[in-house]
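Asks: task: produce atomic coordinates for the following.
(chains A and B)
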Amino acid sequence: MQLDFLGDLRRTHMCGELRAEHIGQKVILLGWVNRRRDLGNLVFIDVRDRNGMTQLVFDKGENPAAHEKASALRSEYVIAAIGHVRKRDLDTVNPNIATGDVEVRVDELKLLNESKLPPFLPGDTDIANEEMRLKYRYLDLRRDKMQANIELRHKVALAIRQSLSERGFLEIETPFMTRSTPEGARDYLVPSRVHPGEFYALPQSPQIFKQILMISGFDKYFQIVRCFRDEDLRADRQPEFTQIDLEMSFPQPDRVFEVVEAFLQAAFKAAGHELTAPFPRMTYDEAMRQYGIDKPDMRLPAMTDIRKAFTDEDLTELRIDASMNMVAVRIPKVGKISDREKKEIRALSDELAQRNKEFAGVLYDFAQLEKKRPQAATKIRELCAADSEDLIVPVVAIAAAESKARTAANQHAQFTAAGEARLELARKYADRHGAFTRTGEVGNDFKLLWVTDFPMFEYDEKENHWNPAHHPFTSPHERDMDKLESDPGSVRALAYDVVLNGTELGSGSIRIHRQDIQEKIFRALGMSIPEMKERFGFFLEALEYGTPPHGGIALGLDRIVMILAGADSLREVIPFPKTAKAVDLMVDAPTPVSDVQLKELGIKIK
RNA sequence: GGUCGCAGAGUCUAGCGGCAGGAUGCCUGACUGUCUAUCAGGAGGGACGGGUUCAACUCCCGUUGCGACCGCCA
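Replies: Numbering: from 1, shown residues only, chains lettered A, B, ... in the order given. This is a model prediction of the structure:
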C-alpha cells in the first residue's frame, strides 16, 4: 500500500483530548491504529497515542476515498487523520473512554507507516508472558499500563527534583567510571584500553563522591542517578537501578528526615496521594523485638511478648525454655484453619530453623495450647488483643534435653524467625485479612516509617571479625564512642532506613568527618593502616582538609514508583529491564566481543 | 551456587499414556452505528535432547529459557 509523507502536517490535539467543546472543529490526529471495526460501508478506527484514544469514522457514502483507504488499515499502522469533530448520538456514546462523547469524521487519511503483524497487541486483554514482553519491549511499552507507569515515574522524579531544588540542593553529576572498592556488592568492571590489565568500576552508589562534595563545600547535593551492583536479581532488584541520592552538611538525622519527608510528600502528591509527615519512628531494637525485621510492614499487627501468659508451672509442663524470647504472631481474620494448613505451619517451623541456624524455637500449635493450658491461651489472646477469627502462632523455644547455653545470637534469631513466620503467614492468608489490598485511604495503603539506631557492626562468624552494618563511613553515636574497642557489638550507628509497607526504600547515615574516628573504625574492623591507605587513601587525606560534619541518604526511585504503581516487580516501572539472569532480551546483552576488542584491552578469556 | 514452579497455534490457555479443544489475533466473505463489533468460512500447534512404553504433548531424567524464593545484595 502506498505510504504518505508527514509533510508539514502538525497535530492539533492528542488522541485523548477531544471533548464535546471541540465539536465542529477541524482537527489533525496522529497515532497508531488501535482497533478497527469494519462494518462494510462504515468503518471505525480507534486511533491511539500515549494520551488516549479517539474513534475515527469512515462512511463510504460521505467520503468513498477515505473509506477505501481505511478499509485497508491494520493494527499498529501509523496514521494521520484530518477531519472534523462530531457529536455522537446519545445511544452511541462510549462512556468507557475519555473522548467517548465525540468522534472524528475523517476528510483525509494519511498512512504514515505500516506494521508487520505484531506478536501481541497493546490492546490485548490477556497480556503476553514476560519473555515475550521483554523481547518486544517496544510493543509492550505501548500498553496503557506501561505508558502510565513510565509517565508516573517521570512525574515522581520531577516532583522530587523540584522539592530538593527548592530546599537548596544542587544536582551534581558524579563519574560512572570510577574505582573498584572491595566493600559491599560485586562491582561491574570496565576494562581500560589505555591501561591494559586495569579496570574502572561502575559505582554501586556515588557514596565517596558525595562526601567529597561536602568536603568541597557544596553543602547540599542530590542526584537521581544510576547505580550498578553485580548481584543476583529479585523482583525488587535489578543490576542497574536508580537512586535518589543526597548529602548535606551540618545535619542531624532529623534534618535528613525532614528533607526526605518533604520530597516523598511531593512524590506521592504527584501520584495523587496526600502523605502525612512526619513519619513514625522506631529504633532498630524495637523493630526487631516487635516485628522481627529491620523493615517492618506496619500494615500488619506487631508481634506480642507472651512471657506473662505463662506461669512457671506452665513452662515446666510444656517444656518451654523460659530463658528465651516468647512472642506470638497474630494474623487477623484468618478464621478456621484446616488440618492441612496446620501441617503447613509445622513445615514452616522447620524451614525457619533451616534458614536461621541459631533459631532455637518452634511455631507452637495454638489449638493444642488451648487444650493443654487454657488459661495461658486465654491470656495470650488478651495480650495480642486477638479477635476469635485471628490466627495466633506462638513462637517459643522448647527446652533442650540437656541444657544448652542460649546466646544473644539465639535470642536474635528467635525474633528474626518469628518475623519471617509473620510475613510468610501474612502472605499466605492475604486474601483473608486483606491488609495488602488498597483501600484508597493513604494512611492505610502506605505505611511509612523511619528505623533508626542500627547497630554499627555485625559479627561475621565465618571470618571471625566485625563488619560494618551500613558502610565504613557511618558515624557511631557520640555516646557510644568509648565502646568502639571494648564492646563493638553494642555500638549504635547514626544510621537510618526509611521503610514503606515492608520494603526498604532508602538507607542513610551521618558520616564520620574526623580522621581520628575514621581510623578507629577501620581498626575496629580489623583493617591495618596500610590496608586503609591502599583502599581509601585519597579519602582519608581529604578528611584532613577541613571536613564538615555531614550525612545523607539514598532512596530507590524504582521501588518508590513500583509501590505507587501497585506493581509486583521493578520490571513494570523500568522501560528496559533485565531478566532474572541479568539479560536484556530485546538487545540481547550481554554478548561475546570480538578478539580484536579483547586484544586491544589486553584481556584473554579462559 | 541452591530449592521450587512454568514451557502446547502469533498470543493467552483447557484437557489427556491412543483423533490436541477453546479464546483472541490473522486471512476470505457478508454487514451503515460499532467500540473486546457481529455473523459465516478458513489457515495455523507440543522448547531441545535422552529414556520408559506397542504407543509420549502427557510419565521419568537432563539441557535451555522465563519466573519466584533462599544464599548473595555494606
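
Asks: from the contact counts, what lies against the longest helix anywhere in chain A?
Replies: In chain A, assigned by DSSP state H, the helix with the most residues is helix A:144-166. Secondary-structure packing of helix A:144-166 (3 or more C-beta pairs under 8 Å, 6 or more residues apart in numbering; DSSP states H and E): strand A:170-171, strand A:220-228, helix A:253-270, helix A:557-565. (Each C-beta comes from the backbone N, C-alpha and C, glycine too.)

Asks: distance between the first one and the chain's centre?
Replies: Here the centre of strand A:170-171 is set off from its chain's centre by 23 Å, with C-alpha atoms, centre = their mean, to the nearest Å.

Asks: who does the helix or strand that it is followed by pair with, and is each partner parallel or antiparallel?
Replies: Helices and strands here follow DSSP states H and E; after strand A:170-171, the next one along the chain is strand A:189-191. Paired neighbours of strand A:189-191 in the sheet (DSSP bridges): strand A:199-201 (antiparallel).

Asks: is RNA strand B within reach of the partner strand?
Replies: No: no part of strand A:199-201 sits close enough to RNA strand B to count as contact by C-beta under 7 Å from any atom of the strand; the gap is at least 12.6 Å.

Asks: which stretches of the stretch 501-606 of chain A form strands?
Replies: Counting by DSSP state E, counting those that start in this stretch, the stretch 501-606 of chain A has these strands, from start to end: A:503-510, A:550-556.

Asks: any idea which of the ones you listed is most buried?
Replies: Ranked by mean neighbour count under mean count of other C-beta atoms under 10 Å, the strands of the stretch 501-606 of chain A are led by strand A:550-556, which reaches a mean of 25.

Asks: my read is that residue A:406 contacts residue A:399, right?
Replies: No: under the criterion of C-beta atoms under 8 Å, residue A:406 lies out of contact with residue A:399, with a separation of 10.1 Å.

Asks: strands of the stretch 201-350 of chain A, start to end?
Replies: Assignment of strands within the stretch 201-350 of chain A using DSSP E, counting those that start in this stretch yields the ranges A:220-228, A:240-249, A:281-283, A:304-305, A:327-331.

Asks: so which of those strands comes closest to RNA strand B?
Replies: The stretch from these with the least distance to RNA strand B (C-beta to the nearest atom of the strand) is strand A:220-228; that distance is 8.5 Å.

Asks: quick check: the spatially closest residue to residue A:61 that is not a sequence neighbour vs RNA strand B, distance?
Replies: Closest residue in space to residue A:61, ignoring its immediate chain neighbours: residue A:41 at 6.9 Å, by C-beta to C-beta, 6 or more residues apart in numbering. Note on residue A:41: its distance to RNA strand B, by C-beta to the nearest atom of the strand, to the nearest Å, is 3 Å.

Asks: quick one on the thing from earlier: give me the common contacts of residue A:406 and residue A:399.
Replies: Jointly contacting residue A:406 and residue A:399 under the rule C-beta atoms under 8 Å, 6 or more residues apart in numbering are residue A:321.
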